[in-house]
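J.: Kindly return the folded structure for what I paste below:
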Amino acid sequence: MKLVKVLTVMALLFGMLSFMQPAGAIEQEMYPGEKQLHQAALKEGALYSYDTGPTWANWQGLFDAFKQRYGIEVMWNDLGSGATVVRLEKEKNNPQADTAYYFMPFGALAKERGVTQPFKPVNFDKIPNLLKDPEGNWFSIHKGTVVFVVNKNYVKETPKGWKDLLDPKYSKSIVYLDPRTAGIGYAIVIATSYAMGGNLDNMDPGIDYLAQLQKVGNVRMIEKTTEYDKFIKGEIPIWITYDWNAYRAKYIAGLGDAVDIVIPAEGTITSPYAISMVKGAPHPNAAKLWLNFIMSEEGQSIFAKGFVRPILSDIKLPPDLADKFLPASDYKRAMDVDWVKAQQVQEKAAKLWGNKVLGE
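T.: Predicted coordinates:
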């Protein structure tokens, strides 16, 4: 009888210990050395990820999965790509961030400014060579296409192209991000430049178009950071952004048939987004663990679940999501550009935009 009681108590204690197992304990490694890196990251006690706002590109999904697997909460901010590089430069002598995320050309700029350090995560070799720094100072993790997202509750006739947006019926309706501080803003400058007959050597056509859009009074606001919540609340009639925001608003936020998604008739671009390990990162092991997770099959699949196209070509969108995308024929109007060149002309384009659009 005593033996039974002892065994019962031992079983209960074992169950309690199992239940009390630390959050994020890894049973099976996703890659060699993951457990060791995890333990080192836990000792550091923190992780700071710049410009990964949770409503952008399904970052919230990655935050939740990372915390569930490793027991580490990601601290983030939402600055915009250009503003992130500026912030990293200001903190260069006392780094606060562990990782930084941006529109790909700003990754190259961050390397040029000396605020990144090399790190090659898992699956680094699967990233196309044009979409990564050879040493790993930055590497692309996903991509998106510039589109119009239209709230039909406030817009009677959906615009089909860039030129349509100049119509007076869209007065005070259009919102986009500032190209001097945000990657999507610069992507819009590039997209309109090509759509209006220009290119990276001649962005005047696109910037002249955006200046005209401003002049006729159709721009409601030029924002500094992500406008997703404002669109969901009905505060933005027409939003120029990436397709993943459009699909999330339509299918995840539940706006459904009230949302139209438009790939402009004159054409647009598909943009890669990159991430870096920050030079002098205060929590280097946590940074490496985070970057490995982002580039793992699981991390890339989480992007896909949020309608964000992964950079790894062997990660496919779930069929139920893939069926919700616009037809492939529409996406043929989206082009790639020389992203190295895009970084080289970004500063000039930003100044030209400020001068012509805002009169600064």
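
J.: mean confidence for the biggest strand by length in the chain?
T.: Criterion DSSP state E: the longest strand present in the chain is strand 139-151. Strand 139-151 shows a mean pLDDT of 97 in the predicted model.

J.: next structured bit after that strand?
T.: strand 174-177 (DSSP states H and E).

J.: Give me the contacts around that next one.
T.: 80, 165, 184-185, 188, 213, 218-227, 230-231, 236-241 (CB atoms under 8 Å, 6 or more residues apart in numbering). C-beta here means a position set from N, CA and C on the backbone, and glycine is covered the same way.

J.: Please state the offset of the longest strand of the chain from the chain centre?
T.: 8 Å (CA atoms, centre = their mean, to the nearest Å).

J.: Now do the helices in the stretch 151-300 of the chain.
T.: 183-195, 204-215, 228-232, 243-247, 284-295, 297-305 (DSSP state H, counting those that start in this stretch).

J.: Tell me which of these lies nearest to residue 42.
T.: Residue 42 lies closest to helix 284-295 among these, at 8.4 Å (CB to CB).

J.: could you give the angle of the longest strand of the chain to helix 183-195?
T.: Per axes from the mean of the first three to the mean of the last three CA atoms, to 10 degrees, the angle that strand 139-151 makes with helix 183-195 is 80 degrees.

J.: Name the residues of strand 139-151 that are buried.
T.: 139-151 (16 or more other CB atoms under 10 Å).

J.: same question, stretch 255-266
T.: For stretch 255-266, a neighbour-count test (16+ other CB under 10 Å) marks 255, 259, 260, 261, 262, 263, 264, 266 as buried.

J.: Repeat that for stretch 27-44.
T.: Quick answer for stretch 27-44 (16+ other CB under 10 Å): 34, 37, 38, 40, 41, 42, 44.

J.: Wait, a strand at the fourth one?
T.: No. Remark: residue 40 does not belong to a strand; assigned using DSSP: H, G, I helix; E, B strand; the rest coil, it is helix.

J.: which ones are touching the residue nearest to it when sequence neighbours are not counted?
T.: Spatial nearest neighbour of residue 40, chain neighbours left out: residue 285 (3.9 Å); criterion: CB to CB, 6 or more residues apart in numbering. Going by CB under 8 Å, 6+ apart, residue 285 touches 37, 40, 41, 43, 44.

J.: any idea how far the second one is from residue 63?
T.: This means residue 40. 20 Å (CB to CB, to the nearest Å).

J.: go on, the last one?
T.: From residue 44 across to residue 63, the span is 17 Å (CB to CB).

J.: What of residue 345?
T.: 34 Å.

J.: Specify the residue ranges that define each domain of the chain.
T.: As assigned by automatic domain parsing, the chain contains the domains 43-142+272-319, 144-270+332-358.

J.: Quote the end-to-end distance of the longest one.
T.: The one in question is domain 144-270+332-358. 27 Å (CA to CA, to the nearest Å).

J.: Figure out how far it is from the centre of its chain.
T.: With CA atoms, centre = their mean, you get 16 Å for domain 144-270+332-358.

J.: next one: the shortest one
T.: Computed by CA atoms, centre = their mean, the separation of domain 43-142+272-319 from the middle of its chain amounts to 9 Å.

J.: Any chance of a ChimeraX selection covering the buried ones in the contacts of strand 174-177?
T.: This is the ChimeraX syntax for the buried subset of the contacts of strand 174-177, where burial follows 16+ other CB under 10 Å:
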select :80,165,184,185,188,213,218,219,220,222,223,224,225,226,227,231,236,237,238,239,240,241
